[in-house]
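Enquirer: Provide a 3D model corresponding to the input given below.
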Amino acid sequence: MNIHFIAIGGSAMHNLALALHQKGDAITGSDDAIFEPSKSRLLAKGLLPKEEGWFEEKITSNLDAVILGMHAKADNPELLRAKELGLKIYSYPEFLFEQSKNKTRVVIGGSHGKTTITSMILHVLNYHGIEVDYMVGAQLEGFETMVHLTAENEFMVLEGDEYLSSPIDMRPKFHLYKPNIALLSGIAWDHINVFPTYENYVKQFSIFVNSITNGGIMVYNEEDAEVKRVVEQATNPIQKYPYSTPNYRIENGITFIETSLGEMPLEIFGKHNLQNLAGAKWICQHIGVDEADFYEAISSFKGASKRLEKIAESGSTVVFKDFAHSPSKVEATTNAVKNQYANKKLLACLELHTYSSLNAEFLKEYKGALNSADKAVVFYSPHAVEIKRLEKITEQQIKDAFERDDLIVYTNSAEFREFLFNQNFENTVVLLMSSGDYGGLNFNHFKALI
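Expert: From the prediction side, this is the model:
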């Protein structure tokens, strides 16, 4: 097929372009800004556009499909030209469904944990040499791309994001996949720019459950009250498999879980990750991996990129980087690190970076999220607030929202870095939570510092 990508530089989009190129399709693309690592990866395969920008002359009747990325606008000149020519225009999830409609689709949904659970499943399948197609939201160790497509594989494992599909398709991505097997890990309000009320947000997950094919399988976290309610109220003819946190203990910084084969040490930790593991086990069993083989493989799983990723360790100091930014993720991650390193001081740093987290009304959702930390710091950029056209927020508003009077708040990236790198890190765990980079923080500096 001849396929053109409008906004090829995106994290998901460039991975799909690479996967289709590897599959043998002819790929072209455009974007008005392409950053690393997308730039180098596209260049290496000869897919990097010669110049940045939108060029309607790239859109011709020879194209079999146009894939539209979320970064593009509805008035994009290439999109308008594609419509004019009557070309088939797909959103990212629409195209993935098209590629997998004759396969068994496994979709992992939830406000949190979906990347980790998808990564766990792929790790186990890869360990045992079981070939599947997939799409996951993080770069995984041992996998060249975040997307893999073939004509012959029976299963397609998809991370099911609830965010919108494209500038001209306002449906959540995970509504388009029509899973045969699905998982729901948790529901906690997010993306308030798209879902302005909690009820509207939860409704998207009900629609997801109802989109499962008749006779399909729903694996769900019964410890999440909202998930339990949504799934158990669903009346479509599906099989329901609840999961919960396995029994575990922590000894000398290592988590051991109870299994039918006896106690087993893990590379990962945290109650939320153990829940993720329990869900991944159910999915793998439905794909055909027995319990013993699952445990053999999962014991070597070290986590998805930027998900509780250990970036430095020396003596009595450990530094973690985590993608957590929504209230439920921040609380779960902070609690997990404190429980794992109960005898160390925990310095937890959070960057408020997303539209939701910088919204004055949404801030109250962070109540108690950093309570487990011995010292807690919040960084945000007033410029980011301006760019998102939100009302200004103050240091006091943030302290009040977290309900922590000793919370340290920084709005200047240089001052934050000076504070951070002048701390006494002895017998300390540093936890850096953000979907950004704290205004230019060099995370590698910790390796030299400690």
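Enquirer: make it CA atoms for all contacts and neighbour counts henceforth
Expert: OK.
Enquirer: which residue is nearest the centroid of the chain?
Expert: Centroid-nearest residue in the chain, with CA atoms, centre = their mean: Thr115, separated by 4.5 Å.
Enquirer: any idea where the strands of the stretch 201-350 of the chain begin and end?
Expert: Taking DSSP state E, counting those that start in this stretch, the strands of the stretch 201-350 of the chain run over residues 217-221, 239-243, 248-251, 254-259, 262-265, 309-314, 317-322, 345-352.
Enquirer: Run through who's touching the helix or strand just after the longest one.
Expert: Scanning forward in sequence from strand 345-352, with DSSP states H and E defining helices and strands, the next element found is strand 375-380. Outside of strand 375-380, the residues that reach it under the criterion CA atoms under 8 Å, 6 or more residues apart in numbering are 345-353, 370, 406-413, 416, 438.
Enquirer: Report the buried members of those.
Expert: Among the contacts of strand 375-380, those classed as buried by 16 or more other CA atoms under 10 Å are 345-353, 370, 407-411, 413, 416, 438.
Enquirer: So in terms of bridging, what pairs with Val319?
Expert: Beta bridges link Val319 to Ala312, Val430, judged by DSSP bridges.
Enquirer: where does the stretch 301-450 of the chain have low pLDDT?
Expert: For the stretch 301-450 of the chain, applying pLDDT under 70 flags the ranges 450.
Enquirer: what about 90?
Expert: 302-311, 314-315, 323-326, 328-329, 352-364, 380-395, 405, 435-450 (pLDDT under 90).
Enquirer: what's around Asp400, how many residues?
Expert: 16 (other CA atoms under 10 Å).
Enquirer: Am I right that it is in a strand?
Expert: No: according to DSSP: H, G, I helix; E, B strand; the rest coil, Asp400 belongs to no strand; its state is helix.
Enquirer: Against Leu407, how distant is it?
Expert: Using CA to CA, to the nearest Å, Asp400 is found at 9 Å from Leu407.
Enquirer: Kindly calculate the angle that the top helix by length along the chain makes with strand 239-243.
Expert: In the chain, with assignment by DSSP state H, the single longest helix is helix 271-287. Counting by axes from the mean of the first three to the mean of the last three CA atoms, to 10 degrees, helix 271-287 lies at 150 degrees to strand 239-243.
Enquirer: re the thing from before, my read is that the residue nearest to the centre of the chain contacts Tyr134, right?
Expert: No: assessed by CA atoms under 8 Å, Thr115 is found out of contact with Tyr134, at 11.9 Å.
Enquirer: what about Lys310, how many residues close to it?
Expert: Lys310 sits with 17 neighbouring residues when counted by other CA under 10 Å.
Enquirer: Report the contact partners of the residue nearest to it when sequence neighbours are not counted.
Expert: Nearest non-adjacent residue to Lys310, counting by CA to CA, 6 or more residues apart in numbering: Phe320, 4.4 Å away. By CA under 8 Å, 6+ apart, the contact list for Phe320 reads Leu308, Glu309, Lys310, Ile311, Ala312, Val429, Val430, Leu431, Leu432.
Enquirer: List the contacts of the nearest residue to Ser166 once chain neighbours are set aside.
Expert: Nearest residue to Ser166, sequence neighbours excluded (CA to CA, 6+ apart): Met70, at 4.7 Å. Contact analysis of Met70 by CA under 8 Å, 6+ apart lists Ala7, Leu164, Ser165, Ser166, Pro167.
Enquirer: Show me which of those residues is closest to Tyr366.
Expert: For the contacts of Met70, the closest approach to Tyr366 (CA to CA) belongs to Leu164, at 24.0 Å.
Enquirer: quick one, phi psi at the closest residue to that closest one other than its chain neighbours?
Expert: Distances taken as CA to CA, 6+ apart put Pro172 closest to Leu164, at 4.3 Å, once the chain neighbours are dropped. For Pro172, the backbone dihedrals are phi -60, psi 140 (criterion: degrees, to the nearest 10).
Enquirer: cool, and the one 4 residues further on?
Expert: Phi and psi for Leu176, reported as degrees, to the nearest 10, are phi -90, psi -10.
Enquirer: What of Ile27?
Expert: Backbone phi and psi, for Ile27 under degrees, to the nearest 10, turn out to be phi -120, psi 130.
Enquirer: How many neighbouring residues does it have?
Expert: Residues within reach of Ile27, counting by other CA under 10 Å, total 18.
Enquirer: where along the chain do the helices fall?
Expert: 11-23, 38-44, 77-85, 92-100, 114-127, 198-210, 225-233, 271-287, 291-298, 327-340, 382-387, 395-402, 413-420, 445-449.
Enquirer: Counting neighbours, which bits of the third one end up buried?
Expert: For helix 77-85, a neighbour-count test (16+ other CA under 10 Å) marks Pro77, Glu78, Leu79, Arg81, Ala82 as buried.
Enquirer: swap in the first one?
Expert: For helix 11-23, the neighbour count (16+ other CA under 10 Å) marks Ser11, Ala12, Met13, His14, Asn15, Leu16, Ala17, Leu18, Ala19, Leu20, His21 as buried.
Enquirer: Surely the second one touches Met146?
Expert: Yes: with contact defined as CA under 8 Å, Ala12 and Met146 form a contacting pair (7.5 Å).
Enquirer: Isn't Pro246 up against Leu274?
Expert: Yes: the criterion here is CA under 8 Å, and Pro246 meets it with Leu274 at 6.7 Å.
Enquirer: Between those two, which has more neighbouring residues?
Expert: Shown here are Pro246 and Leu274; by other CA under 10 Å, Leu274 has more neighbours (20 against 13).
Enquirer: what's the closest non-adjacent residue to the more buried one?
Expert: Once flanking residues are discounted, Leu274 sits nearest to Thr245: 5.8 Å by CA to CA, 6+ apart.
Enquirer: how far away is the one you found from Lys271?
Expert: Distance, Thr245 to Lys271, by CA to CA: 7 Å.
Enquirer: re the thing from before, and the longest helix of the chain with strand 217-221, angle?
Expert: 170 degrees.
Enquirer: List the buried residues for helix 271-287?
Expert: So for helix 271-287, counting by 16+ other CA under 10 Å, buried means 271-284, 287.
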